[in-house]
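Engineer: Just the structure for this:
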Amino acid sequence: MNRMLRALAVATIPAVLGAQDAPVVIRASAALDGRGGTLTNVSIVVVHGRIDRIEAGDAAPAGARIVDLRGRTVLPGLIDVHVHPTWYFNRQGRFHTRGDGDTPVQEMLAASANAYATLAAGFTTVQSIGSLEDRDLRDWIATQGLPGPRILTSLQPIMGGEPDQLREIVRERKQQGADVIKIFASASIRDGGKQTMTDAQLAAVCGEAKAQGLRTIVHAHSAESVRAAVNAGCTQVEHGVFVTQAELDLMAAKGVWFDPQCSLVFRNYLDHRANYDGIGNYNAEGFAAMERAIPLAAEGIRKAIATKGLKMVYGTDAVAGAHGRNAEDLVCRVQSAGQRPMDAIVSATSLSAQSLDLGASLGALAKGYDADIIAVDGDPVRDITALRRVSFVMKGGRIVRDDGRPGGK
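Structural biologist: Got it, this is the predicted structure:
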């Protein structure tokens, strides 16, 4: 923890200043562009937080700072479209819940530590769905120098109500500053995942969100809840552990984004059983359900990969105990579900950026894009586990991690 706090302090000081003042040139012997292409022996020129150009060889403008990443693999900052940074273990080693004694200040300190761990792991943009506290975390990272990934948030999720009430809640969320609307259309996997919102309720929320210019993300495990969300015009489906080929085909036909989880969230709960056990539905039946979900999840992703036209993005549902390990589902997708490594990387870069409506500025190494750039030790196209070995992180042109030179100094 002391090492984390020291790193947090070091990273905070330069982050306040925004992007590097002088141009930065990143020299890379191998770079993945986030769209399925590979670049070799290039210089990535960063000016005022954006990629100004990518040139062959060692070109550099006068006065530029040179960052030599040759020997590593360079790629765009990774994107996780489903995280929960405000979830953490308290100082008693238990999953934090309201009323356990932690103050709001302590809650935000824990969330800040989770945000930094996520950024240091190479994830420069995340979507948090969601809690009200996300708003302050998002804004302090964006404007006050707090080190962390770029955050989009749903604020509180929507779980039920009369259609007119639901439409009003959507309008309230927009006024409160939500970037996206989160909907619970099914029960937890620990409770069987059955549909919990009616077709009319889903149509009301997703229809009003569309009218307000907001995307919708739907928690849906069961086949019927996935079908209902897709037919209601919702934007993205989360989880889908019990989907059949019919639902996968329907999502593809309707252009709905699909975000299944492979293993991290389930294994994290099981590995931290003592931290969760006895809280709500974290009980013997709930843990057994999560154990059963692991092979189902991998098989579902395997089917999704083979479904023509299906847009599968990358989200981990990172909760307490999982922050900073967000790359584990990429490893799972390749090793357990058979996804091609390059396709997995694209899903966590340019494709996920598109799902956030940020595809014109994030998720790729390209001229004019935000300079969110990371490097890993090894070649993730040959060995996907290289994504566990992040050794350099730049976000918006500011170096926040360079192993051996804390804070990029």
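
Engineer: Pull the contacting residues for W140.
Structural biologist: S112, L146 (CB atoms under 8 Å, 6 or more residues apart in numbering). (C-beta placed from N, C-alpha, C; glycine too.)

Engineer: Could you confirm it falls within a helix?
Structural biologist: Yes - counting by DSSP: H, G, I helix; E, B strand; the rest coil, one finds W140 located in a helix.

Engineer: Could I get the full set of helices for the stretch 151-300 of the chain?
Structural biologist: Ranges of helices in the stretch 151-300 of the chain, per DSSP state H, counting those that start in this stretch, are 163-176, 199-211, 223-231, 245-254, 264-271, 273-276, 284-305.

Engineer: Figure out which of these is closest to G71.
Structural biologist: helix 264-271 (28.7 Å; CB to CB).

Engineer: Just list what that closest one packs against, helices and strands only.
Structural biologist: helix 284-305, helix 328-335 (3 or more CB pairs under 8 Å, 6 or more residues apart in numbering; DSSP states H and E).

Engineer: what's the weakest-modelled helix or strand in this protein?
Structural biologist: Counting by mean pLDDT, DSSP states H and E, the weakest-scoring helix or strand in the chain turns out to be helix 2-15, with a mean of 41.

Engineer: gap between Q354 and A364?
Structural biologist: Taken as CB to CB, to the nearest Å, the spacing of Q354 relative to A364 amounts to 10 Å.

Engineer: ok, these two, which is more surrounded?
Structural biologist: Shown here are Q354 and A364; by other CB atoms under 10 Å, A364 has more neighbours (24 against 17).

Engineer: so that one makes contact with T349?
Structural biologist: Yes - because the distance of 6.7 Å satisfies CB atoms under 8 Å, A364 is recorded as touching T349.

Engineer: Give the residues shared as contacts by the two.
Structural biologist: The contact lists of A364 and T349 share G34, R35, P76, where a contact means CB under 8 Å, 6+ apart.

Engineer: Format those as a markdown table; extra columns: distance to D317 and secondary structure.
Structural biologist: As requested, the shared contacts of A364 and T349 are exported to a markdown table (distance: CB to CB, whole Å; DSSP: H, G, I helix; E, B strand; the rest coil):
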| residue | distance to D317 | secondary structure |
| --- | --- | --- |
| G34 | 22 | coil |
| R35 | 26 | coil |
| P76 | 22 | strand |
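
Engineer: follow-up on the earlier one: I'd like the next helix or strand past the least confident helix or strand of the chain.
Structural biologist: Following helix 2-15 in sequence order, the next helix or strand is strand 24-32 (DSSP states H and E).

Engineer: That next one pairs with which strands?
Structural biologist: Strand 24-32 has its sheet partners listed here by DSSP bridges as strand 38-47 (antiparallel), strand 65-68 (parallel), strand 73-76 (parallel).

Engineer: what separates E285 from G359, distance-wise?
Structural biologist: Relative to G359, E285 is positioned 41 Å away (criterion: CB to CB).

Engineer: higher neighbour count, those two?
Structural biologist: Per other CB under 10 Å, whichever of E285 and G359 has more neighbours is G359, with 15 against 11.

Engineer: In contact with the more buried one, which residues are there?
Structural biologist: G359 neighbours (CB under 8 Å, 6+ apart): S350, A353.

Engineer: is it true that it lies in a helix?
Structural biologist: No - in this structure, G359 is coil, not part of a helix, as judged by three-state DSSP.

Engineer: Give me the buried stretch members for stretch 380-398, please.
Structural biologist: Applying a neighbour-count criterion of 16 or more other CB atoms under 10 Å, one finds 380-381, 384, 386-398 buried in stretch 380-398.

Engineer: for it, what is the average pLDDT?
Structural biologist: For stretch 380-398, the mean pLDDT works out to 98.

Engineer: repeat for stretch 216-234
Structural biologist: 97.

Engineer: Span of that stretch from start to end?
Structural biologist: Distance between the boundary residues of stretch 216-234 (CA to CA, to the nearest Å) amounts to 6 Å.

Engineer: Any buried residues in that stretch, and which?
Structural biologist: Counting neighbours by 16+ other CB under 10 Å, the buried set in stretch 216-234 is 216-230, 232-234.

Engineer: care to break this protein down by domain?
Structural biologist: Under automatic domain parsing, the residue ranges defining each domain of the chain are 2-77+364-408, 78-355.

Engineer: tell me the most buried of the ones you listed?
Structural biologist: When you average the neighbours per residue for each of the domains of the chain (mean count of other CB atoms under 10 Å), domain 78-355 leads with a mean of 20.

Engineer: Pull the distance from it to the chain's centre.
Structural biologist: Relative to the centre of its chain, domain 78-355 is centred 9 Å away, using CA atoms, centre = their mean, to the nearest Å.

Engineer: quick thing: my sequence starts at 22, can you match it?
Structural biologist: Taking 22 as the first residue, the last one we looked at is domain 99-376.

Engineer: Throw the helices of the stretch 172-321 of the chain into JSON lines and include distance to V102, thanks.
Structural biologist: Below are these laid out as JSON lines (distance: least, CB to CB, whole Å):
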{"stretch": "helix 184-197", "distance to V102": "18"}
{"stretch": "helix 220-232", "distance to V102": "16"}
{"stretch": "helix 244-252", "distance to V102": "16"}
{"stretch": "helix 266-275", "distance to V102": "15"}
{"stretch": "helix 285-292", "distance to V102": "13"}
{"stretch": "helix 294-297", "distance to V102": "24"}
{"stretch": "helix 305-326", "distance to V102": "15"}
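
Engineer: Thank you, goodbye.
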